[in-house]
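**Student:** Sequence first, then the predicted structure:
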Amino acid sequence: MAGLRRLTAIAGLLMLFANTARGQSLADYASHSSCLIGPNYVYKLSIAAQGTLATVKVDRSQKVRKGEIIAELESGVEKSQVEAARTRASTDAIIKLKSAVLAVASAKLERMRTLRAQTIASQQSVEDAESAAALAESELGQAELDKKMAGFEVARLEAVLERRTLRSPADGVVTAVDLHTGEYADSTNPVATVTEIDPLKVALYLPANAYPLVSVGARVLVTPKEAMSKPREAVVSVKDPQIDASSGLFLIQLKMPNPDGDIPAGISCTAEFLSNK
């Protein structure tokens, strides 16, 4: 009997909540919702290659820009290989030499043909000159190909060298430095963590009855609770297509600009939906 009375009481409360919820507006739902400000993305950065860290250029709480160097492996050998390849790719010495050889061979061939026409030179002499000119032309073509391939080799070695350099994938703040100069690094161990805080991502959990009232692109005024910051407008970027059966809630995500970085991630907030008019 006690169990039956408990179930009856729970059912009554659920019906009361459902009847009350039908009359609520989106503003009412938002005022009682769970609201949390988080980073847009957290990057745990590791180096694609492996080796000893020559330098780690960042400290915790340091702001970094996209593409800024975070750390580098010792790469003396790789840098020397790149410089050697660049030198080979930039020189025209072999091409000039082979061009000169071809010019001499071509001139000799013309002389032999002239002398043959005058019956002074033999046919064999003409054929030998033709072979020498063809060989010189082939060697010039090979030299030009070698120069082109040297350019590809430079690009390959630069890519290898770049894999030994760790760069920030986005503008953000360094929130952890796990490895330091002189330590061993590889692709499985993060060197540092960069957190993207502009924009910020706001998570808002609403009851199922509010689902038809929310749309992507809606404007929301977000007020951080713990930070000394004024309310800031955000936009609904994601509306979860699934409602959690156990809680009866669904998630929406907002993108909120934070250009000065004055609002930290990880704090709670309140949300107020704005009219689209």
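**Tutor:** Great, that's in hand.

**Student:** any idea how far the closest residue to Gln62 other than its chain neighbours lies from Ser168?
**Tutor:** Leaving aside its sequence neighbours, Gln62 sits nearest to Val174 (C-beta to C-beta, 6 or more residues apart in numbering; 4.7 Å). C-beta: built from backbone N, CA, C; applies to glycine. Counting by C-beta to C-beta, to the nearest Å, the separation of Val174 from Ser168 is 8 Å.

**Student:** Also Glu137?
**Tutor:** Taken as C-beta to C-beta, the span from Glu137 to Ser168 is 51 Å.

**Student:** Looking at those two, which has the bigger crowd around it?
**Tutor:** Each of Glu137 and Ser168 has its neighbours counted (other C-beta atoms under 10 Å); Ser168 has more, 21 against 16.

**Student:** mind listing what the residue lying closest to the more buried one once chain neighbours are set aside touches?
**Tutor:** Leaving aside its chain neighbours, Ser168 sits nearest to Val64 (4.4 Å; criterion: C-beta to C-beta, 6+ apart). Residues in contact with Val64 (C-beta atoms under 8 Å, 6 or more residues apart in numbering) are 58, 70, 168, 171-174, 194.

**Student:** Kindly recompute the last result at 7 Å.
**Tutor:** 58, 168, 172, 174, 194 (C-beta atoms under 7 Å, 6 or more residues apart in numbering).

**Student:** Below-threshold pLDDT in the protein: ranges please.
**Tutor:** By pLDDT under 70, the low-scoring segments of the chain are 1-23, 227-228, 276-277.

**Student:** Swap in 90 and give it another go.
**Tutor:** 1-33, 109, 111-123, 126-127, 129, 225-230, 260-262, 264, 274-277 (pLDDT under 90).

**Student:** Show me where it has its helices.
**Tutor:** Using DSSP state H, the helices of the chain run over 2-22, 26-31, 76-90, 93-117, 123-162.

**Student:** Can I get those in TSV including distance to Tyr41?
**Tutor:** What follows is the helices of the chain, written out as TSV (distance: least, C-beta to C-beta, whole Å):
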stretch	distance to Tyr41
helix 2-22	34
helix 26-31	25
helix 76-90	30
helix 93-117	49
helix 123-162	22
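
**Student:** nearest to Pro212, of these?
**Tutor:** helix 26-31 (9.8 Å; C-beta to C-beta).

**Student:** Which parts of that closest one count as buried, going by neighbours?
**Tutor:** Judged by neighbour count (16 or more other C-beta atoms under 10 Å), helix 26-31 contains these buried residues: 26, 29-30.

**Student:** for the residues you listed, which one is nearest Ser75?
**Tutor:** Closest to Ser75, out of all of these and judged by C-beta to C-beta, is Ala30, at 53.1 Å.

**Student:** Of all residues in this protein, which one is nearest the centre?
**Tutor:** Nearest to the geometric centre of the chain sits Pro169, at 4.6 Å (C-alpha atoms, centre = their mean).

**Student:** just checking, it touches Tyr43?
**Tutor:** Yes: here Pro169 lies in contact with Tyr43, judged by C-beta atoms under 7 Å, at a distance of 5.5 Å.

**Student:** Just the buried residues of stretch 154-166, please?
**Tutor:** For stretch 154-166, using 16+ other C-beta under 10 Å, the buried residues are 154, 157, 161, 163-166.

**Student:** quick check, nearest of those to Leu221?
**Tutor:** Among the buried residues of stretch 154-166, and counting by C-beta to C-beta, the member closest to Leu221 is Leu166, at 38.7 Å.

**Student:** Was I right to think Ala150 contacts Ala84?
**Tutor:** No: counting by C-beta under 7 Å, Ala84 is not a contact partner of Ala150; they are 9.8 Å apart.

**Student:** More neighbours: which of these two?
**Tutor:** Ala150 (17 against 14).

**Student:** Please tell me how far the more buried one sits from Arg156.
**Tutor:** 10 Å.

**Student:** Would you agree Phe273 is in contact with Ala218?
**Tutor:** Yes: Phe273 lies in contact with Ala218 (C-beta under 7 Å); the separation is 6.3 Å.

**Student:** hmm, back to that, need the contact list for the residue nearest to Gln62.
**Tutor:** 58-62, 64, 192, 194.
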